[in-house]
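*Asks:* The following comprises the amino acid sequence and a computationally predicted model.
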Amino acid sequence: MSKKKGNSGGIVYSTNPDYSTDSPEPEETDTLGNSHQQLRVKLDTKKRAGKVVTLIDGFIGKADDLEKLGKELKTKCGTGGSAKDGQILIQGDYKDKIIKWLQEWGYKAK
């Protein structure tokens, strides 16, 4: 038997006539400037069947800007990847190249 996924937070019934199960959407924060971003670049193999990915973490800003940066890095590396949940995954070991590119673009990367 599968569990139903809902946004009610486990509440089945409420006697409060003003109760609403709709939770407010979290607001996206504005994207910080390149010089104010503290990006961490590392290699990761967890839960990837031993495959190496380069993980860029610590991006603060809108999802569109994260996708744009991820696409630019994937294009530079000539490989696949994804950008979601504040992280950019690049398939393969491109740590040194990505750090160099990010620093050229004005990001603080280590």
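*Replies:* Great, that's in hand.
*Asks:* from the chain's centre, how far out does the lengthiest strand in the chain sit?
*Replies:* Criterion DSSP state E: the longest strand present in the chain is strand 38-44. Between the mean C-alpha point of strand 38-44 and the mean C-alpha point of its chain there is a distance of 12 Å (CA atoms, centre = their mean, to the nearest Å).
*Asks:* Give the buried residues for that strand.
*Replies:* 39, 41 (16 or more other CB atoms under 10 Å). Where you see a C-beta, it was placed from the backbone N, CA and C, and this is true even at glycine.
*Asks:* So which residues make contact with it?
*Replies:* With CB atoms under 8 Å, 6 or more residues apart in numbering as the test, strand 38-44 has contacts from 52-59, 93, 95, 98-99, 102, 107-110.
*Asks:* That strand pairs with which strands, parallel or anti?
*Replies:* On the basis of DSSP bridges, the sheet neighbours of strand 38-44 come out as strand 53-57 (antiparallel), strand 108-109 (parallel).
*Asks:* Now the most centrally placed residue in the chain: closest residue in space that isn't a chain neighbour?
*Replies:* Nearest residue to the geometric centre of the chain (CA atoms, centre = their mean): residue 86, 2.2 Å. Spatial nearest neighbour of residue 86, chain neighbours left out: residue 59 (5.5 Å); criterion: CB to CB, 6 or more residues apart in numbering.
*Asks:* Confirm that the one you found sits in a strand.
*Replies:* No: applying DSSP: H, G, I helix; E, B strand; the rest coil, one finds residue 59 to be coil, outside a strand.
*Asks:* Buried ones in the helix or strand harbouring residue 83, by neighbour count?
*Replies:* Remark: residue 83 resides in strand 81-84, with elements defined by DSSP states H and E. Judged by neighbour count (16+ other CB under 10 Å), strand 81-84 contains these buried residues: 81, 83.
*Asks:* What helices and strands are in contact with that strand?
*Replies:* Of the remaining helices and strands, those touching strand 81-84 by 3 or more CB pairs under 8 Å, 6 or more residues apart in numbering; DSSP states H and E are helix 63-77, strand 87-91.
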